[in-house]
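Undergrad: need coordinates for the below:
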Amino acid sequence: MLDFIYYPVSFIMWCWHWVFGHVFGESSAIAWALSIVFLVFTLRAIMFKPTVKQVRSMRKMQEFAPEIKKLQKKYANDRQKQAQEMQKLQAEHGVSPLGGCLPMLLQIPVFIGLFHVLREFKPGKTENYFFSERGVASYIDADLFGARLSNWITQPAEELAKFHVDRITIALVAIPLMLLASALTHLTARHSVSRQNPDAATTQTAMMNKLTLYVFPLGVLIGGFFFPIGLIMYWLSNNGWTLWQQRFVYKKIDAEEAAKKVVAQEKRAAAAPKPGQKPTQPKKRPVTAKPEDASTEPEPSGTPEATPEAKPAQPAGGDKGGTQIPGLISDRSRSKKSGRKNR
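TA: The predicted model follows:
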């Protein structure tokens, strides 16, 4: 029924077992354990971008958390109206609530598929989806400190007899892995809660924090009694990846936000006046002079020498040659007054 999930999961696991089988041996428990671990890493790497979008969406929702609280108080008695206003607010800020749940939802079919594939590695099986009879036998023969990856603590005794193992040996291998997986689940939730905005805290948020901090790790610990050792390894590697990914993504986003703040501060500092400098006044537009009337000419003033184009005055008698001799006018004027003739 869910073959569209089982075949891809078994194929990715088969590819990694082919790689590590050439290094550690086909029936080596290390090769099979690494194939499960790298199956997780492959799927989580595919979902890396959606996970980053989820983190960014959560950060944006924390920014306008006070507005959400106002809507919750305002429409406390009208759930339908409250939901409509919340959708409008999320659309304004470009936040999709489904986008934040997508990576988590995608992990559910992967977990179901791997759980089914690992439990199908049983003695007498001729195939297991992408694995042939030889691959099934190789997985069953893989010895991890005396236990098999297909075994679990509460497995029926008749099935344990087929693997030739006892329950105590399985518990000694499974319980340390269960404790480590549970601790990583708690540390992952703790890191996520520490990044939350206190102003965004609500009753629902506090309840979810308690579930992720204590109930989920306890569920991993209890579930380990009923899950194969191979599936506990999946849980362990998945939580280890999640913890690393959270630290990496949050560090990257913090660096981006810090860079944006530095750029904004530099712009404000460049626009602000320097110490002791007066604020610049707006420049006044120059007043254009009106053209003078061409019909009015300036009157000449002063002596004839003031006007460069003025011609010298001609003597009354004039000179026959038409040339003026300097000092002639003054000599004749003196001769008339004195009654003497010029010689």
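
Undergrad: run the chain-centre distance for the longest helix anywhere in the chain.
TA: When the chain is parsed with DSSP state H, its longest helix is helix 229-271. Once both centres are worked out by CA atoms, centre = their mean, to the nearest Å, helix 229-271 turns out to sit 9 Å from its chain's centre.

Undergrad: which strands and helices sit next to it?
TA: Taking 3 or more CB pairs under 8 Å, 6 or more residues apart in numbering; DSSP states H and E as contact, the helices and strands that helix 229-271 lies on are helix 29-46, helix 48-63, helix 97-119, helix 167-194. Every C-beta, even on glycine, is put in place using the N, C-alpha and C of the backbone.

Undergrad: and it with helix 167-194, angle?
TA: 20 degrees (axes from the mean of the first three to the mean of the last three CA atoms, to 10 degrees).

Undergrad: tell me what angle helix 229-271 forms with helix 48-63.
TA: Between helix 229-271 and helix 48-63, the angle formed by their directions is 60 degrees, by the same axes, to 10 degrees.

Undergrad: rewinding a little: among the helices and strands packed on helix 229-271, which is the most enclosed?
TA: Using mean count of other CB atoms under 10 Å, the stretch among these with the largest mean neighbour count is helix 29-46, at a mean of 19.

Undergrad: thinking again about what came up before, average pLDDT for the longest helix of the chain?
TA: For helix 229-271, the mean per-residue pLDDT is 86.

Undergrad: give me the angle between it and helix 29-46.
TA: For the pair helix 229-271 and helix 29-46, the angle between their directions (the same axes, to 10 degrees) equals 40 degrees.

Undergrad: rewinding a little: of the helices and strands packed on helix 229-271, which is nearest T154?
TA: Evaluated with CB to CB, those place helix 167-194 nearest to T154, the distance being 8.6 Å.

Undergrad: for the closest one, name the packing helices and strands.
TA: helix 157-163, helix 216-223, helix 229-271.

Undergrad: export those helices as a markdown table, with columns for distance to S27.
TA: As requested, the helices and strands packed on helix 167-194 are arranged in a markdown table below (distance: least, CB to CB, whole Å):
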| stretch | distance to S27 |
| --- | --- |
| helix 157-163 | 14 |
| helix 216-223 | 28 |
| helix 229-271 | 14 |
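
Undergrad: between those, which one is nearest to T42?
TA: Evaluated with CB to CB, those place helix 229-271 nearest to T42, the distance being 10.6 Å.

Undergrad: before we move on, the earlier item: can I get the helices and strands packed on helix 167-194 in TSV including distance to M13 and mean neighbour count?
TA: Converted to TSV, the helices and strands packed on helix 167-194 look like this (distance: least, CB to CB, whole Å; neighbours: other CB atoms under 10 Å):
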stretch	distance to M13	mean neighbour count
helix 157-163	20	12
helix 216-223	21	16
helix 229-271	10	15
